[in-house]
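> task: produce atomic coordinates for the following.
(2 chains)
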Protein chains: 2
Amino acid sequence: MFNNTKTIGILGGGQLGKMLQQVSLDLDLKVKYLDPDAQAPCASISTKFTHGSYLDYQTVLDFAADCDIVSIEIENVNLEALAQLEKDGKKVFPQPHILEIIKDKRLQKQFFVDNNIPTAAFVLIDSKDQIAQHQDFLPAFNKLGKGGYDGKGVQKITTLADAPKGFAEPGLLEKAVDFDKELAVIVARNQAGQVVTYPTVEMVFHPEANLVEYLLAPAQISDSLDQQAQELAKLVAEKFEIVGLLAVEMFLDKSGHILVNEVAPRTHNSGHHTQKANYTSQFEQQLRAISNMPLGSTKAHSMAAMLNILGEAGHEGPVHYEGMDTVLALEGVFPFLYGKAITKPFRKMGHVTVLGENKEAIEQKIDTVKASLKVISK
Amino acid sequence: MFNNTKTIGILGGGQLGKMLQQVSLDLDLKVKYLDPDAQAPCASISTKFTHGSYLDYQTVLDFAADCDIVSIEIENVNLEALAQLEKDGKKVFPQPHILEIIKDKRLQKQFFVDNNIPTAAFVLIDSKDQIAQHQDFLPAFNKLGKGGYDGKGVQKITTLADAPKGFAEPGLLEKAVDFDKELAVIVARNQAGQVVTYPTVEMVFHPEANLVEYLLAPAQISDSLDQQAQELAKLVAEKFEIVGLLAVEMFLDKSGHILVNEVAPRTHNSGHHTQKANYTSQFEQQLRAISNMPLGSTKAHSMAAMLNILGEAGHEGPVHYEGMDTVLALEGVFPFLYGKAITKPFRKMGHVTVLGENKEAIEQKIDTVKASLKVISK
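Residues are numbered from 1 along each chain as shown, chains lettered A, B, ... in the order given. Reported below is the predicted structural model:
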């Protein structure tokens, strides 16, 4: 039920926190942030910022002392502290025991299997030394169980010759999926058990570079596949009984099956376009879900794409955005800058959401953005 | 040209400032606020809030000392200070000499006449004692020259018997327009002279109560009238050579002519729906205009309405929002709460933007909002 006198504490005060803060003001919600970086995006924009480590047990307890609801914008936080807060009677969403499962890719995969959620075949291994025992699994990905963040913790093992590139710590070996598309669905669930899903999105890959170029919403798939992907995401959220947001990343394989790849229990890159293209943004949705408000409509009013704004290679230092005027003059093109003072090569400095009538119109605008906008240091 | 290292100082830190602050974060702009109310909406949400009077010459100079650009979210500010800042080489937008004209309704009307901008017939009067000399003008409105804000400063004079209700101070007597619709257009102009207009909106009146019930965007008028209204707003902005935003309120009279009623040199109630229904909100547009960025597209992706959330009669004290869950559950209905701690009868506590397929669908949602949402004090 709506009550904007409650205090909501968020572990993390990065760009996701910043976008949460912007939208929290619509309903005059009281949200505070904890981040170990005194220069974090939320530090300069929120009057309710605490400088401290969300990995430290006591710091988290102290931060949450005056909170009614505790949530996260990053999952690598002190879970013992969250469990204690939950025991003390605070609303902690997503629930700490779910974060425990998601944090460890081995437990996460096992959870999928236990709940009949389709996922790529895998075996648990204690270290890369065991890869040789599973030659029939190759080509595969060796994923680190714990501690893999931001693309780290994943290593492709094409043949046994790659085995030394694997991890010394416990992880899993997952059969590489020969996929047609990479999809994602954001799902939200509140305490009352109401669940909503956003339309399925797809990662569009550069035809030559084989790198994700941008995200497209909705995914260019059949209505039936879109429904299947949304139903699958809903199933995962319901099996977890999660309260909050869950970003469900999936593969559409070449035979038309959808497999769950992995999940993130928070606002996610694959939902940034919802700020501009959907009735309720993922950020507002998280706040609604954890505060047990009715969930908002996920309807899209426009087709959209999202691409990251990364620091240029060879530039490190105070940030300067070159070519921004060209971008700002484009219709339906919305840059978001995260407020990081220092740029580094490939550092995520912001994103651009692009609305358009169709994929072609959107791609034309993306091309202009890519040709114009350079994040450099002078 | 885009440069987000400049400091922008805004006189006023009320709800318009709050909505400006939200959107300023998209481009990581450095915006600070000055407001005499220590509890103003911006006070609790911005790390760059100064408590002080924007009516005080020295306070304004001190506040603006470290600013590159100075602007307003309320027009009743110290104009001598702004003129001095302009003389000192700061960018002050809208320009102080334009604020001088707009601030005095007598000068404003004369400006319209001097620039062939159609407006209702009027005569200047020194006080209500002169109303009797202009009996042929009745029914008319006696408008106070200076100091009329928030609907104060306007008095209807139907017959000579109403003359004592007029103002003792200099003002004007304006012939009442027998209008078909009340329209408004927001126009933005940047330093480079680029001008954009938003689609025309109309005030929808309650059929019996004769009070504005909500604002509808776009206005239900012919394309030709919509174009005329936008062209007229553009003409006013260009004649002023204003840099910033101008809200142009107009009458569509019963013979199909459009007359300018009055203008406001800032973000305006008649543009709140642009936050949700247009590519660029009026708040972002103001920031773009005063920072000499390219202006954003004013295109609407959805039909929209906006209604004010007012404090219930008979309630004064700490605010409580009743029925909010019903409102939050409606598709395409977006409440904005201004963050005022205390409600008073008819105090503007927020607004609701409603998107819908057509006027009927929108009105149905408005009816639900009006039946459910009560701003009370318990």
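
> parallel or antiparallel, list what pairs with the one helix or strand residue A:31 maps to.
Per DSSP states H and E: residue A:31 is located in strand A:30-35. If you go by DSSP bridges, strand A:30-35 pairs up with strand A:7-11 (parallel), strand A:49-51 (parallel).

> I'd like the average pLDDT over it.
In this model, strand A:30-35 has an average pLDDT of 98.

> for residue A:70, which of the strands paired with strand A:30-35 is the nearest?
Nearest to residue A:70, of all these, is strand A:7-11, at 4.8 Å by C-beta to C-beta. From N, CA and C alone the C-beta is placed, and that goes for glycine too.

> what ranges do the helices span in chain A?
Counting by DSSP state H, one finds helices in chain A at the ranges A:15-24, A:57-64, A:79-87, A:96-103, A:105-114, A:223-240, A:274-277, A:282-290, A:324-328, A:359-372.

> out of these, which comes closest to chain B?
Nearest of the helices of chain A to chain B, taken as C-beta to the nearest C-beta: helix A:324-328 at 3.8 Å.

> which residues touch the nearest residue to residue A:106 once chain neighbours are set aside?
Nearest non-adjacent residue to residue A:106, counting by C-beta to C-beta, 6 or more residues apart in numbering or on different chains: residue A:145, 4.4 Å away. By C-beta atoms under 8 Å, 6 or more residues apart in numbering or on different chains, the contact set of residue A:145 is A:104, A:105, A:106, A:107, A:169, A:170, A:171, A:172.

> give me the buried subset of these.
Among the contacts of residue A:145, those classed as buried by 16 or more other C-beta atoms under 10 Å in any protein chain shown are A:104, A:105, A:106, A:170, A:171, A:172.

> distance check, the third one against residue A:129.
Spatial separation of residue A:106 from residue A:129 under the definition C-beta to C-beta, to the nearest Å is 17 Å.

> and for the fourth one?
The span separating residue A:170 from residue A:129 equals 11 Å under the rule C-beta to C-beta.

> report pLDDT for the residue nearest the centre of chain A.
The centroid of chain A falls nearest to residue A:268 when counting by C-alpha atoms, centre = their mean (2.5 Å). pLDDT for residue A:268: 97.

> how many neighbours does the spatially closest residue to it that is not a sequence neighbour have?
Using C-beta to C-beta, 6+ apart and skipping the chain neighbours, the partner closest in space to residue A:268 is residue A:247 (3.4 Å). Residue A:247 has 21 neighbouring residues, counting by other C-beta atoms under 10 Å in any protein chain shown.

> quick one: residue A:247 and residue A:266 touch, right?
Yes. Counting by C-beta atoms under 8 Å, residue A:247 does reach residue A:266; the two are 7.2 Å apart.

> up against chain B, what does the stretch 201-350 of chain A have?
Neighbours of chain B within the stretch 201-350 of chain A, by C-beta under 8 Å from any C-beta of the partner chain: A:279, A:288, A:293-294, A:296-297, A:299, A:301-302, A:321, A:324-325, A:328-329, A:331-332, A:334-339.

> so which of those are in strands?
The strands, defined by DSSP state E, take in A:321, A:334, A:335, A:336, A:337 from those.

> remind me which residues of chain A are low pLDDT?
Applying pLDDT under 70 to chain A flags residues A:149-151, A:209-210.

> in it, what residue sits furthest out from the centroid?
Most peripheral residue of chain A (C-alpha atoms, centre = their mean): residue A:133, 33.4 Å.

> contact partners for the residue nearest to residue A:15 when sequence neighbours are not counted?
Among residues not flanking residue A:15 along the chain, residue A:338 sits closest, at 3.9 Å (C-beta to C-beta, 6+ apart). When contacts are counted by C-beta under 8 Å, 6+ apart, residue A:338 is found next to A:14, A:15, A:18, A:41, A:348, A:349, A:350, B:28.

> likewise for residue A:131?
Neighbouring residues of residue A:131 by C-beta under 8 Å, 6+ apart: A:125, A:142, A:157, A:160, A:163, A:166, A:173.

> one more time with 6 Å, if that's ok
Shown in contact with residue A:131 (C-beta atoms under 6 Å, 6 or more residues apart in numbering or on different chains): A:163, A:166.

> so which residues on the stretch 1-150 of chain A come close to chain B?
Residues of the stretch 1-150 of chain A that fall close to chain B, judged by C-beta under 6 Å from any C-beta of the partner chain: A:1, A:2, A:22, A:25, A:26, A:27, A:28, A:45, A:47.

> tabulate these (a markdown table), appending neighbour count and distance to residue B:67.
Shown next, in a markdown table, are the residues of the stretch 1-150 of chain A next to chain B (neighbours: other C-beta atoms under 10 Å in any protein chain shown; distance: C-beta to C-beta, whole Å):
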| residue | neighbour count | distance to residue B:67 |
| --- | --- | --- |
| A:1 | 11 | 43 |
| A:2 | 20 | 38 |
| A:22 | 23 | 23 |
| A:25 | 23 | 23 |
| A:26 | 21 | 27 |
| A:27 | 22 | 31 |
| A:28 | 23 | 27 |
| A:45 | 24 | 18 |
| A:47 | 12 | 20 |
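
> want to throw those residues into a markdown table with distance to residue B:56?
Below are the residues of the stretch 1-150 of chain A next to chain B laid out as a markdown table (distance: C-beta to C-beta, whole Å):
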| residue | distance to residue B:56 |
| --- | --- |
| A:1 | 44 |
| A:2 | 39 |
| A:22 | 31 |
| A:25 | 28 |
| A:26 | 32 |
| A:27 | 34 |
| A:28 | 29 |
| A:45 | 28 |
| A:47 | 24 |
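
> for these, which two are the farthest from each other?
A:1 and A:45 (28.4 Å).

> follow-up on the earlier one: please identify the most buried of the strands paired with strand A:30-35.
Mean neighbour count, computed with mean count of other C-beta atoms under 10 Å in any protein chain shown, is highest for strand A:7-11 among these, reaching a mean of 24.

> chain center to it, what's the gap?
18 Å (C-alpha atoms, centre = their mean, to the nearest Å).

> quick one: residues in contact with that strand.
Contact partners of strand A:7-11, identified using C-beta under 6 Å, 6+ apart, comprise A:17, A:30-34, A:54, A:63-64, A:66-73, A:77.

> report the angle between it and helix A:282-290.
On the basis of axes from the mean of the first three to the mean of the last three C-alpha atoms, to 10 degrees, strand A:7-11 is oriented at 120 degrees to helix A:282-290.

> that older thread, closest one of the ones in strands among the residues of the stretch 201-350 of chain A next to chain B to chain B?
Nearest to chain B among those: residue A:337, at 4.2 Å, using C-beta to the nearest C-beta.

> list the contacts for residue A:89?
For residue A:89, the contact set (C-beta under 6 Å, 6+ apart) is empty.

> whoops, I mixed them up, residue A:55
Residues near residue A:55 by C-beta under 6 Å, 6+ apart: residue A:78.

> pop out the phi and psi values for it.
Main-chain dihedrals, residue A:55, degrees, to the nearest 10: phi -90, psi -10.

> I'd say residue A:293 and residue A:1 touch.
No. With contact defined as C-beta atoms under 6 Å, residue A:293 does not reach residue A:1; the gap is 7.2 Å.

> can you get me a residue count around residue A:246?
Neighbours of residue A:246 using other C-beta under 10 Å come to 26.

> didn't it look like it was pressed against residue A:237?
Yes. Using C-beta under 6 Å, residue A:246 is in contact with residue A:237, at 4.9 Å.

> list the buried ones in stretch A:50-59?
Here stretch A:50-59 shows A:50, A:52, A:53, A:54, A:56, A:59 as buried, counting by 16+ other C-beta under 10 Å.

> of these, closest to residue A:212?
Of all the buried residues of stretch A:50-59, residue A:212 sits closest to residue A:54, with 28.0 Å by C-beta to C-beta.

> no further questions, thank you.
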